[in-house]
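Chemist: Give me a model of this one.
(one chain, ligands or ions: 1)
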Amino acid sequence: MAQYRIVSGSVAVISIQNPPVNALSAAVREGLLLSVRAAASDPLVRSVVISGHNGPFCGGADIKEFGNVSHLESGPHLVEIFESVEALAKPVVAAIEGFALGGGLELALACHYRFGHSEARVGLPEVSLGLLPGAGGSQRLPRLLGVRAALDMIVTGRHVAAGEALKLGLLDRLTDGNTVDAAVRFAQSAEGKPLDDRRLGNRPCPPLENIDAFFEEALIHARGRARGAAAPLACVQAVRGAATLPFLKGMELEKRLMETLMTSGQAQASRYCFFTERGAARWTTPTGARWDTCRARPISTAAVIGLGTMGRGITVALARAGLSVVAVETQEHQLDEAQRAVSRMLKGGGGVSYSADLQAAAGADLVVEAVFEDMAVKEEIFKQLSSVCKPGALLATNTSSLDIDRLASCTLRPEQVLGLHFFAPAHVMRLLEVVSGPRTSPQTVAAAMQLGRRMGKVSVAVGNCPGFVGNRMLKPYLEQAYFLLEEGASPELVDAALEEFGFPMGVFKMSDLSGLDIGWRVRKEEGLTGPGVTADQPMRTRRGRRYSPLGDLMCEEGRYGQKTGRGWYLYDRPGARVARSDPWLRSFLEEYRERHGLLARRIDQQEVLERCLYALINEGFRVLEDGVAASPQNIDAIYVFGYGWPKHRGGPMFYAAQVGLARVLEGLEKYHKAHPDSPHLQPCSLLRRLVASGSPPIHKWSEVVKGHRSQL
Ligand SMILES: CCCCCCCCCCCCC/C=C/C(=O)SCCNC(=O)CCNC(=O)[C@H](O)C(C)(C)COP(=O)(O)OP(=O)(O)OC[C@H]1O[C@@H](n2cnc3c(N)ncnc32)[C@H](O)[C@@H]1OP(=O)(O)O
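Modeler: Residues are numbered from 1 along each chain as shown. Predicted structure coming up:
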């Protein structure tokens, strides 16, 4: 769908019409090509403006079509359309409002001039979909901006604001007014002028010295950041083609690379993540509440209780979302320090006031409690908040695992109590688990989900259980990693396998970063270690199942990780980040194995991956079975946006489907047989039932889950 009209006697305005983002679907491509041909053949038309209908210029190719080759191939191809645009003998001006992304920017690059609104943004984000700008973008952009700037945009996929795009030379002019009107006036002024130099396909790439060395380095850099993703490397290759080949040869290279990427599992996984991120907004809860049936009361003021690292980050996230925030910390020295830190992060005051008195929370629409993880302390605060806060105020806890329902029962308003599980650093990390207990009202969930969106978070509604979704699934993953150390692996081996898989950090490096003492405190509270454990209990068994005390022993040695300069690795000083192997740990593990009669065996990376990831996935199926997560897509969103699961692998549940459910089941059966005292390796019944029903595709799993639903 493309609207075609003539304005001011000589300008054809072609408007892309496909709400909400004017994506280039087959119908749009058809309409666009017909319109371009009409403009070419109409003698009255002397110039052309291409714009987006109702605001945004164009959000790119229609991603929904990518999963289906026949959709992709129906209608004219973008490359062909853009060639016709560029070849037109009349000046073509792109009028960019809102955004021009992916194929949208590639269309603008085929135009002879680009006019932008001052608030527009442009970019080639295909890389985050596991692709490259495959409709000429990888060849035209370097010819316009030069290799360095183009490569940066293409490999990172970042959105560039209009002001920067003007400086880069990507936009020719900006306007604060009506972009189409300004573009029409400009198009008329360009009528009859020569166009050859405006056609990027005709231009050579601006020269670059030491071109081979430049691209070698770019490839090394991209490989370092890609974590196993193929698209960034293909982007470098395509831009190299732009720098070294004639345009048409470069286009052939782009096409070849694009065909390989488009049909890859990585692109499929990245696309799945795109829709998973957006799908989380269509939430449901175990109690049957839904996003489309409840209205959220808007939240404009908030109080944050407790200004440790999490509280500070949450204050910043709320203030940046435009809320007026009162930050409460009863310890005066901590309050001063927090005030300075928050101001620094906000680059000024930013709507935050500070208080040492809980009464300051009285007028807030929402209170987020972020004190340390101690149930008794939290219970006391919730009791007080229940009487201090105005009726209707929502009371949230930022616990990462404690029982929301227990906190709700300390208040006179259990329906307004919920968990908001932020991830550190809270003002940076995209994920927010919105945890509802059995008594949390749908309106409370709706308000929290809306707030999450305002903060720019991927908010996922989950049910209440120890660890909620993310940390609950992490537990078996960590446990297997510890067991692997007992059986002969080293932290380096385990971490290398996980990092090669695509995690930014292996489990032991991650544990050093977040602090071993956190898990130690939780295990003490659970009675797994500490004074409550009597000397006659076997060290490696708890409640009839295998237990590894390795983490506890490390903490007893004062090895808390980066903060103490020693953990699973050695650091130059407390707080340093670079992990080095520690000979002490090697002997510690050897002695430990000897003491417990454990024979070290050779463990390969495949076993590391299967034991750790399959145990995590298995728990994911249990989470689905229990109804704590509404869908496998929600679990995957949690892992991709909160736990560093590589996007090009789609998330744990998607990965399980891609590996094959039968293979995951078989792997779990094998490992459970070898380790019968490790119940996390025992395949759960949902996985068995899915395999028995022929391993349906992931979007059909809910049909198998149904009927078995929810204990909550
Ligand atoms: C044998 C094999 C053959 C292989 C052949 C190979 C050759 C093929 C050649 C093809 C060449 C293609 C080259 C071009 C590629 C591309 O353009 S890829 C797409 C690039 N664009 C993007 O990545 C942009 C994605 N979108 C966004 O970033 C955001 O949506 C936005 C545009 C910035 C708007 O944000 P916001 O206002 O916050 O709205 P959202 O909630 O994100 O989105 C609203 C709804 O719109 C849907 N949507 C968004 N973009 C697209 C899109 N490009 N296609 C389809 N749908 C899109 C989004 O899912 C939302 O939908 P709902 O959730 O249903 O509301």
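Chemist: make it CA atoms for all contacts and neighbour counts henceforth
Modeler: Noted.
Chemist: And the helices in the stretch 551-700 of the chain?
Modeler: 583-595, 605-626, 632-642, 652-659, 661-674, 685-692 (DSSP state H, counting those that start in this stretch).
Chemist: How about the stretch 1-150 of the chain?
Modeler: For the stretch 1-150 of the chain, the helices defined by DSSP H, counting those that start in this stretch occupy 26-41, 69-73, 78-87, 103-110, 137-145, 147-156.
Chemist: Pick the most deeply packed of those helices.
Modeler: Highest mean neighbour count of the helices of the stretch 1-150 of the chain: helix 103-110, a mean of 28 (counted as mean count of other CA atoms under 10 Å).
Chemist: Please work out which of the helices of the stretch 551-700 of the chain is packed deepest.
Modeler: helix 632-642 (a mean of 25).
Chemist: Check whether it comes near the ligand.
Modeler: No: shown here: helix 632-642 not in contact with the ligand (CA under 6 Å from any ligand atom), separated by at least 13.2 Å.
Chemist: Show me the domain layout of this protein.
Modeler: When the chain is parsed with automatic domain parsing, its domains come out as 2-262, 301-468, 471-595, 605-705.
Chemist: Now the first one: average pLDDT?
Modeler: Right, the one you point to is domain 2-262. What domain 2-262 shows for mean pLDDT is 96.
Chemist: now the last one
Modeler: For domain 605-705, the mean pLDDT works out to 97.
Chemist: One more: the third one?
Modeler: Per-region confidence: domain 471-595 scores 95 on mean pLDDT.
Chemist: how near is Tyr482 to Arg521?
Modeler: Distance, Tyr482 to Arg521, using CA to CA, to the nearest Å: 17 Å.
Chemist: between those two, who's got more neighbours?
Modeler: For Tyr482 versus Arg521, neighbours defined as other CA atoms under 10 Å are more numerous around Tyr482 (23 against 17).
Chemist: so the more buried one sits in a helix?
Modeler: Yes: counting by DSSP: H, G, I helix; E, B strand; the rest coil, Tyr482 is part of a helix.
Chemist: quick one on the thing from earlier: turn the domains of the chain into a markdown table, including distance to Arg282.
Modeler: Shown next, in a markdown table, are those (distance: least, CA to CA, whole Å):
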| stretch | distance to Arg282 |
| --- | --- |
| domain 2-262 | 17 |
| domain 301-468 | 9 |
| domain 471-595 | 22 |
| domain 605-705 | 10 |
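Chemist: So for Phe274, which of those domains sits nearest?
Modeler: Of all these, it is domain 2-262 that lies closest to Phe274, at 7.5 Å by CA to CA.
Chemist: Report whether the closest one contacts the ligand.
Modeler: Yes: Domain 2-262 reaches the ligand (CA under 6 Å from any ligand atom) through 20-21, 23, 59-64, 69, 101-103, 125-126, 133-135, 258-259, 262.
Chemist: Drop anything exposed from the residues you listed.
Modeler: 21, 23, 59-63, 101-103, 125-126, 133-135, 258, 262 (16 or more other CA atoms under 10 Å).
Chemist: In strands, which of the residues you listed fall?
Modeler: If you go by DSSP state E, these have Leu101 in strands.
Chemist: what's the closest non-adjacent residue to the closest residue to the ligand within the stretch 501-650 of the chain?
Modeler: For the stretch 501-650 of the chain, the residue closest to the ligand is Gln633, as judged by CA to the nearest ligand atom, at 13.2 Å. Leaving aside its sequence neighbours, Gln633 sits nearest to Thr276 (CA to CA, 6 or more residues apart in numbering; 5.5 Å).
Chemist: That neighbour reaches Ile635, doesn't it?
Modeler: No: checked against CA atoms under 8 Å, the pair Thr276 and Ile635 is beyond contact range at 9.4 Å.
Chemist: Just the CA atoms of stretch 616-631, as CSV, please.
Modeler: Only the C-alpha atoms of stretch 616-631 are listed here, as CSV (Å, rounded to 0.1, in the frame of the first residue of the first chain):
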residue,chain,number,x,y,z
LEU,A,616,18.2,-25.0,33.5
ILE,A,617,15.8,-25.9,30.6
ASN,A,618,14.3,-28.7,32.6
GLU,A,619,13.4,-26.3,35.3
GLY,A,620,12.0,-24.0,32.7
PHE,A,621,9.5,-26.8,31.7
ARG,A,622,8.6,-27.1,35.4
VAL,A,623,8.0,-23.4,35.6
LEU,A,624,5.6,-23.7,32.7
GLU,A,625,4.0,-26.7,34.2
ASP,A,626,3.4,-24.8,37.5
GLY,A,627,2.0,-21.8,35.6
VAL,A,628,4.6,-19.5,37.1
ALA,A,629,5.5,-18.2,33.6
ALA,A,630,2.7,-17.8,31.1
SER,A,631,4.6,-19.0,28.1
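Chemist: where do the helices sit along the stretch 201-350 of the chain?
Modeler: Going by DSSP H, counting those that start in this stretch, the stretch 201-350 of the chain shows helices at 211-226, 231-244, 247-262, 265-279, 309-320, 332-346.
Chemist: Average pLDDT for the shortest one, rounded please.
Modeler: This points to helix 309-320. Per-residue pLDDT over helix 309-320 has a mean of 96.
Chemist: buried set for it?
Modeler: Neighbour counts using 16+ other CA under 10 Å place 310-320 of helix 309-320 among the buried residues.
Chemist: which one among those residues gets closest to the ligand?
Modeler: Distances from the ligand to the buried residues of helix 309-320, taken by CA to the nearest ligand atom, are shortest for Arg320, at 17.0 Å.
Chemist: contacting residues around the closest one?
Modeler: For Arg320, the contact set (CA atoms under 8 Å, 6 or more residues apart in numbering) comprises 346, 350, 455.
Chemist: can I get these in JSON lines with distance to the ligand, pLDDT and neighbour count?
Modeler: Listed next are those as JSON lines, based on distance: CA to the nearest ligand atom, whole Å; pLDDT from 0 to 100; neighbours: other CA atoms under 10 Å:
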{"residue": "Leu346", "distance to the ligand": "23", "pLDDT": "93", "neighbour count": "17"}
{"residue": "Gly350", "distance to the ligand": "24", "pLDDT": "73", "neighbour count": "17"}
{"residue": "Met455", "distance to the ligand": "12", "pLDDT": "97", "neighbour count": "22"}
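Chemist: just the strands in the stretch 401-550 of the chain please.
Modeler: For the stretch 401-550 of the chain, the strands defined by DSSP state E, counting those that start in this stretch occupy 417-422, 431-436, 458-463, 541-542, 545-546.
Chemist: Apart from its chain neighbours, what residue comes closest to Arg430?
Modeler: Of all residues not flanking Arg430 in the chain, Lys457 sits nearest, at 4.7 Å (CA to CA, 6+ apart).
Chemist: what's the nearest residue to the residue most central in space within the chain if we skip its chain neighbours?
Modeler: The C-alpha lying nearest the average C-alpha coordinate of the chain belongs to Phe641 (CA atoms, centre = their mean; 3.5 Å). Excluding its sequence neighbours, the residue lying closest to Phe641 (CA to CA, 6+ apart) is Leu431, at 5.3 Å.
Chemist: for Ser386, same thing?
Modeler: Distance criterion CA to CA, 6+ apart; nearest residue to Ser386, sequence neighbours excluded, is Thr411 at 5.1 Å.
Chemist: neighbours around the one you found, how many?
Modeler: 21.
Chemist: you'd agree it is up against Glu380?
Modeler: No: using CA under 8 Å, Thr411 makes no contact with Glu380, being 10.0 Å away.
Chemist: and Tyr354, what element?
Modeler: Applying DSSP states H and E as the criterion places Tyr354 in strand 352-355.
Chemist: Tell me which helix or strand comes right after that strand.
Modeler: Where DSSP H and E defines the elements, the next helix or strand beyond strand 352-355 is strand 366-369.
Chemist: now the helices of the stretch 201-350 of the chain in a markdown table, with distance to Ala149?
Modeler: Compiled in a markdown table, those are given as follows (distance: least, CA to CA, whole Å):
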| stretch | distance to Ala149 |
| --- | --- |
| helix 211-226 | 12 |
| helix 231-244 | 11 |
| helix 247-262 | 18 |
| helix 265-279 | 25 |
| helix 309-320 | 30 |
| helix 332-346 | 29 |
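Chemist: quick one, what contacts the closest residue to Pro91 other than its chain neighbours?
Modeler: Computed as CA to CA, 6+ apart, the closest residue to Pro91 that is not its neighbour in sequence is Ser47, at 5.0 Å. Residues in contact with Ser47 (CA under 8 Å, 6+ apart) are 10-12, 90-92, 187-188, 190-191.
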